[in-house]
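> Sequence and predicted model, in that order:
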Amino acid sequence: MLTALHIIAERKIEEFFRKDGGPDLSRWRNKPLPVEDMSNVPQDLRMAYKILKNAGYVPEEVALYQEIVRTEDLLAHCRDEQNKLRQLKKLSLLKCKMEARLGRPLRIDSESAYFDRVVDRVQVRGGVNKRQP
């Protein structure tokens, strides 16, 4: 049984195709739609993630990372010293925000515990691994 909502939707769709001709879907004819890899997302969250993605939502970490990359690019091409100083301050703030969001430092330096674990696994020519103390 068709409800009023179904009838209105059908009329709007028909009107759209009559007036605008509709989108060109010929490239998808007889071809499967592209598969979105959501294997790393839990099954019960996949629909919500898909809706958010289709709505243009970007997680805060991704937006922060994109802003960091843009700021680093601006900094690399900056000639004005005052502007360069502002960009350095902005970059420092963005990195602090990202570190606070992730709960860990962004850089892997000799002070971090992760650095030691990585160095321990790296094989050096001749079969010797690890740093020399």
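Noted; the coordinates are in hand.
> and the helix or strand where Lys53 lies, what does it pack onto?
Assessed by DSSP states H and E, Lys53 sits inside helix 46-54. On a contact count with 3 or more CB pairs under 8 Å, 6 or more residues apart in numbering; DSSP states H and E, helix 46-54 meets no helix or strand. (Each C-beta comes from the backbone N, C-alpha and C, glycine too.)
> Tell me the spacing between the residue nearest in space to the middle of the chain and Met98.
The centroid of the chain falls nearest to Val62 when counting by CA atoms, centre = their mean (4.2 Å). Applying CB to CB, to the nearest Å, the value for Val62 to Met98 is 11 Å.
> for Glu81, same thing?
For Glu81 relative to Met98 (CB to CB), the value is 26 Å.
> just Phe16 next, same as before
Applying CB to CB to Phe16 and Met98 gives a distance of 43 Å.
> between those two, who's got more neighbours?
Met98 (18 against 12; other CB atoms under 10 Å).
> helix or strand for that one, which one?
Met98 belongs to helix 81-102, assigned by DSSP H and E.
> Name the residues that touch that helix?
Around helix 81-102, the neighbours that count as contacts under CB atoms under 8 Å, 6 or more residues apart in numbering are 60-61, 64-65, 67-68, 71-72, 74-75, 78, 105-106.
> Next step: those residues restricted to strands.
Residues of the contacts of helix 81-102 located in strands (DSSP state E): none.
> Among these, which one has the most neighbours?
When neighbours are counted by other CB under 10 Å, Thr71 leads the contacts of helix 81-102 with 20 neighbours.
> neighbours of the residue nearest to that residue when sequence neighbours are not counted, just the number please.
For Thr71, ignoring the flanking residues on the chain, the nearest one in space by CB to CB, 6 or more residues apart in numbering is Leu91 at 4.7 Å. When neighbours are defined as other CB under 10 Å, Leu91 has 17 of them.
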